[in-house]
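Q: predicted model follows, preceded by the sequence.
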Amino acid sequence: MKFKLEKTTKTGARVGQITTAHGVIETPAFVPVATQAAFKGVPPEAAKAAGTQVIFANTFHLHLSPGEKVVKAAGGVHKFMNWSGPIMTDSGGFQVFSLGAAYGQGVSKVATSKPEADFRRFTHLLAGSDADENLLPVSSLGRAGDAEKNISSPSGSLVKIDDDGVDFRSPRDGSLHRLTPESSIAIQHDLGADIILAFDECTTPQAPHEYQVEALRRTDAWAKRSLAEHERLGGEQALYGIVQGGRFPDLRTASARATAALNFAGFAIGGSFNKEDIGAVVELVNAELPPDRPRHLLGIGEIEDIFAGVAAGVDTLDCVTPTRLGRHGTVETKAGRLNLISSKLASDFAPIEADCQCHTCQNYSRAYLSHLCRSREMLSTTLASIHNLHFYAELMKGIRQAIRDDRFTDFQTDFLESYL
RNA sequence: GCGUCGGUGGCGGAGUGGUCAAUCGCAACAGACUGUAAAUCUGUCGCCCUAUGGGCUACGUAGGUUCGAAUCCUACCCGACGCA
């Protein structure tokens, strides 16, 4: 992997190119998520036609099914899923949060209001807490929203963290699995993505300072072990280190410095944020990271947050938003989100956006899409997601051009004024 | 014509004397969704109000029994089925 930084604006936004064995990524780039080597509801060819440059798959999920050996035998994740462009894989670290966060009663990764520190909910995550009884059978799992169920559970966690790694229960069948920095890297080598991530611990927005310190100590140790295993295995893949630190500026800076000191090909910024200060946190972190290596912002993808990240010097961002929103009946437009399910659109025969060049807008009306959503036709998922993927790709294209033209801030202001 | 069963909120369909403005599902409406346990989840869903409470109108229609009825009785209207 090579990174060419073409330009950095005075305020910090950057434009450039990441060159991988599977093609060039024009940055800033949005990276749609295809967790199980599949966009939910969208063929890879359609995602590509919608302007997607690079995609994001998940180690934990592919390890569980079909298993990295199958993917390797298929010729790697690119061939397996028929995506010839660049691919990133997550390390599985996020599952520490997202599965463990069953206790979190639907807590979002991005806190939009001041979270009540309810540390009791996740004290069982601490190393040294009781072993197996912390891992519930899958039958007792709650979903985000099943708050009562989770609260009434003895512990409510699907994960157990210790200094060596993490025990998970598979959400598929309840079986027990373990990931360590070494196994995560080994799996990612078998999967064969162009850019892979160090194994980290992603904490929740509620995690207090003292717990973040503990988690950072592990993430730092795991970063070194991930790097060592990656170097031992060799190959062309690029390994990114991950900066954590939650919502605490001092810890963000400390994590950024510690990670920057290691020989990573690039960096990813993860963990939980307060929505209002995503930009500030990223700026703080990027001030510590070497400018000649790419920076990825993990899991951030609402429009205004993308702007905040890019403004603060991020080169790539991944998020499930375009596909999840599309799947749930919401499409992005320059005038804000549009809920397709509304029967108000029943006789609206215009496309989602008149000037949109995406496959959906070129061929289908709001009325038809609304009908598909209300009829729960699978096609609604596909068509809405395609539009959203295209919307994101176009947004990033506009951002890149604006940076080149020295009008990024104006572009951001104008875009958000119309969108929000 | 006789008989049987049945008529409940936009629809389907519970409930068969009080805790019923009425379970539940669908539809409708609103909201959520940020390294995907998510083709998902949450809320509202008779009308009105000085609204974690109060009032009004409601279970085919009209009467009746009862302290009290969607629930029991009578008549009528309508529907399905059976027998003629």
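A: Looks like it arrived, so ask away. Residues are numbered from 1 along each chain as shown, chains lettered A, B, ... in the order given.
Q: which residues touch the residue nearest to the spatial centre of chain A?
A: Taking CA atoms, centre = their mean, the centroid of chain A lies closest to residue A:299, which sits 2.8 Å from it. Residues in contact with residue A:299 (CB atoms under 8 Å, 6 or more residues apart in numbering) are A:94, A:109, A:270, A:318-320. To be clear about C-beta, it is placed using only N, CA and C from the backbone, and glycine gets the same treatment.
Q: from residue A:336, how far off is it?
A: Distance from residue A:299 to residue A:336, counting by CB to CB, to the nearest Å: 22 Å.
Q: kindly report the same for residue A:249.
A: In this view, residue A:249 and residue A:336 are 32 Å apart by CB to CB.
Q: tell me which of these two has more neighbours.
A: Taking other CB atoms under 10 Å, residue A:249 and residue A:336 do not tie; residue A:249 has more neighbours (14 against 10).
Q: burial count for the residue nearest to the more buried one when sequence neighbours are not counted?
A: Among residues not flanking residue A:249 along the chain, residue A:284 sits closest, at 5.9 Å (CB to CB, 6 or more residues apart in numbering). Neighbours of residue A:284 under the rule other CB under 10 Å: 19.
Q: ok, residue A:246 next?
A: Neighbour number of residue A:246 under other CB under 10 Å is 28.
Q: is it within a helix or a strand, and which one?
A: Assigned by DSSP states H and E, residue A:246 belongs to neither a helix nor a strand.
Q: correct me, but it touches residue A:203?
A: Yes. Counting by CB atoms under 8 Å, residue A:246 does reach residue A:203; the two are 5.4 Å apart.
Q: joint contacts of these two?
A: In contact with both residue A:246 and residue A:203: A:212, A:215, A:271-272, using CB under 8 Å, 6+ apart.
Q: relative to RNA strand B, which of those is nearest.
A: RNA strand B has its nearest neighbour among the shared contacts of residue A:246 and residue A:203 in residue A:271, at 5.1 Å by CB to the nearest atom of the strand.
Q: and the closest one, what's its pLDDT?
A: Residue A:271 carries a pLDDT value of 90.
Q: can you pull the pLDDT of the nearest residue to it once chain neighbours are set aside?
A: Leaving aside its chain neighbours, residue A:271 sits nearest to residue A:244 (4.5 Å; criterion: CB to CB, 6+ apart). Looking at residue A:244, its pLDDT reads 96.
Q: what number of residues lie near residue A:244?
A: Neighbours of residue A:244 (other CB under 10 Å): 31.
Q: how many neighbours does residue A:69 have?
A: So residue A:69, with other CB under 10 Å, has 11 neighbours.
Q: tell me where the stretch 1-150 of chain A has helices.
A: A:44-49, A:59-64, A:68-73, A:77-81, A:93-98, A:147-152 (DSSP state H, counting those that start in this stretch).
Q: how far away from the center of its chain is the third one?
A: Relative to the mean C-alpha coordinate of its chain, helix A:68-73 is positioned 23 Å out (CA atoms, centre = their mean, to the nearest Å).
Q: how about the residue nearest to residue A:271, what does it touch?
A: So residue A:244 contacts A:200-203, A:212, A:215-216, A:219, A:251, A:255, A:270-271 (CB under 8 Å, 6+ apart).
Q: ok, now residue A:247?
A: Here residue A:247 is in contact with A:111, A:205, A:272-274, A:277, A:281 (criterion: CB under 8 Å, 6+ apart).
Q: filter these to the buried ones?
A: A:111, A:205, A:272-274, A:281 (16 or more other CB atoms under 10 Å).
Q: of the residues you listed, which belong to helices?
A: Among those, the members found in helices (DSSP state H) are residue A:281.
Q: pipe the buried ones among the contacts of residue A:247 into TSV and attach distance to RNA strand B per row.
A: Formatted as TSV, those follow (distance: CB to the nearest atom of the strand, whole Å):
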residue	distance to RNA strand B
A:111	9
A:205	10
A:272	8
A:273	8
A:274	10
A:281	13
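Q: now, which of the buried ones among the contacts of residue A:247 sits nearest residue A:176?
A: Closest approach to residue A:176 among those (CB to CB): residue A:272, at 26.4 Å.
Q: once you drop chain neighbours, what's closest to residue A:322?
A: Going by CB to CB, 6+ apart, residue A:322 has residue A:388 as its nearest residue, at 3.5 Å.
Q: am I right that residue A:380 is in a helix?
A: Yes. Counting by DSSP: H, G, I helix; E, B strand; the rest coil, residue A:380 is part of a helix.
Q: helix/strand/coil for the residue lying closest to it once chain neighbours are set aside?
A: Nearest residue to residue A:380 in three dimensions, chain neighbours excluded: residue A:372, at 3.6 Å (CB to CB, 6+ apart). Using three-state DSSP, the structure places residue A:372 in helix.
Q: what's residue A:372 in contact with, if anything?
A: A:379-380, A:383.
Q: go again using 10 Å as the cut-off
A: Contacts for residue A:372 (CB atoms under 10 Å, 6 or more residues apart in numbering) come out as A:329, A:340-341, A:364, A:378-384.
Q: ok, residue A:7 next?
A: The neighbours of residue A:7, taking CB under 10 Å, 6+ apart as the test, are A:13-16, A:400, A:403-404, A:406.
Q: one more pass at 6 Å, please.
A: residue A:15 (CB atoms under 6 Å, 6 or more residues apart in numbering).
Q: quick one: average pLDDT of stretch A:200-218?
A: On average, the pLDDT along stretch A:200-218 is 90.
Q: that older thread, hmm, the residue nearest to residue A:249 is touching residue A:252, no?
A: Yes. Under the criterion of CB atoms under 6 Å, residue A:284 makes contact with residue A:252 at 5.3 Å.
Q: tell me the pLDDT of the residue nearest to residue A:397 when sequence neighbours are not counted.
A: Leaving aside its chain neighbours, residue A:397 sits nearest to residue A:51 (7.2 Å; criterion: CB to CB, 6+ apart). Confidence at residue A:51, expressed as pLDDT, is 98.
Q: I'd say residue A:51 and residue A:391 touch.
A: No. Between residue A:51 and residue A:391 there is no contact under CB under 6 Å: 9.1 Å.
Q: looking at these two, which is more packed in?
A: residue A:391 (25 against 19).
Q: noted, bye for now.
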